[in-house]
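Trainee: here is the input, now give the coordinates:
(one chain, ligands or ions: 2)
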Amino acid sequence: MSDPVLEVRDLQTQFPTDRGVVKAVDGVDLTIESGEIVGLVGESGSGKSVLADSVVGIVEEPGEIAGGDVLFNGESLLEMSEAERESIRGGNISMVFQDPMNSLNPTLRVGEQIAETVRLHQDVGESVSLSAEMKRKIVGAAKNGEAWRRAIEMLEAVEIPEPDARATDYPHQFSGGMRQRAMIAMALSCEPDLLVADEPTTALDVTIQAQILDELEGLKDAFDTSILLITHDLAVVAETCDRVNVMYAGEIVERAETETLFSSPEHPYTQGLIASTPRLEDADRDLQPIEGNVPDLIDIPYACHFAPRCPESNRECFEVDPEFRDVGEPDDDHEAACLRRGPEGEQL
Ligand SMILES: Nc1ncnc2c1ncn2[C@@H]1O[C@H](COP(=O)(O)OP(=O)(O)OP(=O)(O)O)[C@@H](O)[C@H]1O
Ligand code: NI
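Mentor: Ligands and ions are numbered 1, 2, ... in the order given. So this is what the prediction gives:
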């Protein structure tokens, strides 16, 4: 089997502060195989964005990766020279954010920005990973020597109506949904192997959100891009992802295929998240919020970070670090890090 597109190993990302070291990512493992959409879900403050930033190499100073590794197509991003990392960031890994205004330049026409990305990052003639149809279009555009043409094709690919005309608009002339599409177009214009999308639809209304997620799935196939999709919205995960990682207070606590995770969640935190989420199947059921809050990530003094909020925790949970164990059906590839779960006899 080929290397996974992304392999995060025992990653630690920390921020020194006056009050102590914030361990925002505290020993995370995460893998994305080629062609997968993998969800990363968890409450606000659990470390999802810091994990995403670590993967893309844009952790804000004075934050730093204090341990572990990030492998991209089998190669350590942390061992590369800054120049090599830059080149990967420019072409092989792209990121989209919640607020497209952070990525779009307000003073440049949308088409120009995408064309600029095309010019900077890619020799279009060498593109190999696209679907035949997309390739015909794009290579066709390249033959005309027109990054601009390609920018329009990209806008068309993300279903911006009248892309020829809209390419000459400035970002503020686009609706929120169109800006988000434009940003996705820009991110995909360099044909990345991996797209890291941090809450890409959170600011949008539900209908537009659903359309964009649909498109993202289509684009994943057309461009052969794997996606790490970060959200605190379980409904988004349920609709879009192949597999899900649940993150809590700097750690991954459960991972499974999406269907499995929703039909038989194992970790008490995941169960709590699902029980507190309104937009899943049986909308009528009573919502049960998880009591308490995500802890301050400085020096959490107990072993399982969820123990104080967990309805099932006992003394061991505060004292013994929970390792990942297989849970659920034997062939399910379903793991949870909870002392109270796992094979009979191993549970505390
Ligand atoms: N620059 C920073 N300096 C200090 N602490 C930080 C910094 N950036 C993030 N953190 C801390 O890291 C923790 C994780 O934050 P992060 O933004 O990754 O959470 P999140 O899961 O993405 O939440 P949300 O769903 O609200 O986006 C938080 O406790 C946050 O305060
Ligand atoms: Ni975030």
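Trainee: quick check, stretch 43-56 touching ligand 1?
Mentor: Yes - shown here: stretch 43-56 in contact with ligand 1 (CB under 6 Å from any ligand atom) through 44-50. C-beta: built from backbone N, CA, C; applies to glycine.
Trainee: please list only the buried members of the residues you listed.
Mentor: When the residues of stretch 43-56 next to ligand 1 are checked for burial by 16 or more other CB atoms under 10 Å, the buried set is 45-50.
Trainee: of those residues, which belong to strands?
Mentor: Nothing among those maps onto strands, per DSSP state E.
Trainee: which members of these additionally contact ligand 2?
Mentor: 48-49 (CB under 5 Å from the ion).
Trainee: local confidence estimate at residue 269?
Mentor: Listed pLDDT for residue 269 reads 98.
Trainee: my guess is it contacts residue 248, does it?
Mentor: Yes - under the criterion of CB atoms under 8 Å, residue 269 makes contact with residue 248 at 5.0 Å.
Trainee: closest to residue 14 out of the residues of stretch 43-56 next to ligand 1?
Mentor: Nearest to residue 14 among the residues of stretch 43-56 next to ligand 1: residue 50, at 9.2 Å, using CB to CB.
Trainee: mind listing what the closest one touches?
Mentor: 13, 24-25, 59, 63 (CB atoms under 8 Å, 6 or more residues apart in numbering).
Trainee: report the contact partners of the residue lying closest to residue 311 once chain neighbours are set aside.
Mentor: Spatial nearest neighbour of residue 311, excluding adjacent residues (CB to CB, 6 or more residues apart in numbering): residue 268 at 6.4 Å. By CB under 8 Å, 6+ apart, the contact set of residue 268 is 306, 310-313, 338, 340.
Trainee: most neighbours, which of these?
Mentor: residue 338 (28 neighbours; other CB atoms under 10 Å).
Trainee: look at it and give its secondary structure.
Mentor: Per DSSP: H, G, I helix; E, B strand; the rest coil, the secondary structure class of residue 338 is coil.
Trainee: just the strands in this protein please.
Mentor: Under DSSP E, the chain gives strands at 6-17, 20-32, 37-41, 64-72, 75-76, 93-96, 194-198, 226-231, 243-248, 251-257, 325-326, 335-336.
Trainee: I'd like those as a markdown table, with distance to residue 183, mean neighbour count and mean pLDDT appended.
Mentor: Listed next are the strands of the chain as a markdown table, based on distance: least, CB to CB, whole Å; neighbours: other CB atoms under 10 Å; pLDDT from 0 to 100:
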| stretch | distance to residue 183 | mean neighbour count | mean pLDDT |
| --- | --- | --- | --- |
| strand 6-17 | 21 | 18 | 98 |
| strand 20-32 | 21 | 20 | 97 |
| strand 37-41 | 18 | 25 | 98 |
| strand 64-72 | 22 | 17 | 97 |
| strand 75-76 | 27 | 13 | 94 |
| strand 93-96 | 5 | 24 | 92 |
| strand 194-198 | 10 | 24 | 95 |
| strand 226-231 | 14 | 25 | 96 |
| strand 243-248 | 24 | 26 | 98 |
| strand 251-257 | 27 | 24 | 98 |
| strand 325-326 | 39 | 17 | 94 |
| strand 335-336 | 33 | 24 | 97 |
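Trainee: turn these into a markdown table, including distance to ligand 1.
Mentor: Formatted as a markdown table, the strands of the chain follow (distance: least, CB to the nearest ligand atom, whole Å):
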| stretch | distance to ligand 1 |
| --- | --- |
| strand 6-17 | 4 |
| strand 20-32 | 3 |
| strand 37-41 | 9 |
| strand 64-72 | 11 |
| strand 75-76 | 22 |
| strand 93-96 | 13 |
| strand 194-198 | 7 |
| strand 226-231 | 7 |
| strand 243-248 | 7 |
| strand 251-257 | 12 |
| strand 325-326 | 24 |
| strand 335-336 | 19 |
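Trainee: need the ones you listed in TSV with distance to residue 296, can you?
Mentor: Converted to TSV, the strands of the chain look like this (distance: least, CB to CB, whole Å):
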stretch	distance to residue 296
strand 6-17	10
strand 20-32	8
strand 37-41	21
strand 64-72	18
strand 75-76	31
strand 93-96	27
strand 194-198	22
strand 226-231	21
strand 243-248	14
strand 251-257	15
strand 325-326	28
strand 335-336	24
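Trainee: for residue 300, grab the count of nearby residues.
Mentor: The local packing of residue 300 (other CB under 10 Å) involves 17 other residues.
Trainee: show me what contacts the closest residue to residue 180 other than its chain neighbours?
Mentor: Leaving aside its chain neighbours, residue 180 sits nearest to residue 100 (5.3 Å; criterion: CB to CB, 6+ apart). Under the criterion of CB under 8 Å, 6+ apart, the neighbours of residue 100 are 171, 176, 179-180, 182-183.
Trainee: same thing but 6 Å
Mentor: The neighbours of residue 100, taking CB atoms under 6 Å, 6 or more residues apart in numbering as the test, are 179-180, 183.
Trainee: mind checking pLDDT for residue 1?
Mentor: The model reports residue 1 with a pLDDT of 61.
Trainee: alpha carbons only: can I get the longest helix along the chain in PDB?
Mentor: Secondary structure of the chain per DSSP state H: the longest helix is helix 206-223. In PDB, the C-alpha atoms belonging to helix 206-223 read as follows (Å, rounded to 0.1, in the frame of the first residue of the first chain):
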ATOM      1  CA  VAL A 206     -27.600  26.000   6.300                       C
ATOM      2  CA  THR A 207     -28.700  25.700   2.600                       C
ATOM      3  CA  ILE A 208     -25.500  27.300   1.200                       C
ATOM      4  CA  GLN A 209     -23.500  25.200   3.700                       C
ATOM      5  CA  ALA A 210     -25.000  22.000   2.300                       C
ATOM      6  CA  GLN A 211     -24.400  23.000  -1.300                       C
ATOM      7  CA  ILE A 212     -20.700  23.800  -0.600                       C
ATOM      8  CA  LEU A 213     -20.200  20.600   1.200                       C
ATOM      9  CA  ASP A 214     -21.700  18.700  -1.700                       C
ATOM     10  CA  GLU A 215     -19.400  20.500  -4.100                       C
ATOM     11  CA  LEU A 216     -16.400  19.800  -1.900                       C
ATOM     12  CA  GLU A 217     -17.200  16.100  -2.200                       C
ATOM     13  CA  GLY A 218     -17.500  16.400  -6.000                       C
ATOM     14  CA  LEU A 219     -14.300  18.400  -6.200                       C
ATOM     15  CA  LYS A 220     -12.500  15.800  -4.100                       C
ATOM     16  CA  ASP A 221     -13.200  13.300  -6.800                       C
ATOM     17  CA  ALA A 222     -12.400  15.600  -9.700                       C
ATOM     18  CA  PHE A 223      -9.200  16.800  -8.300                       C
END
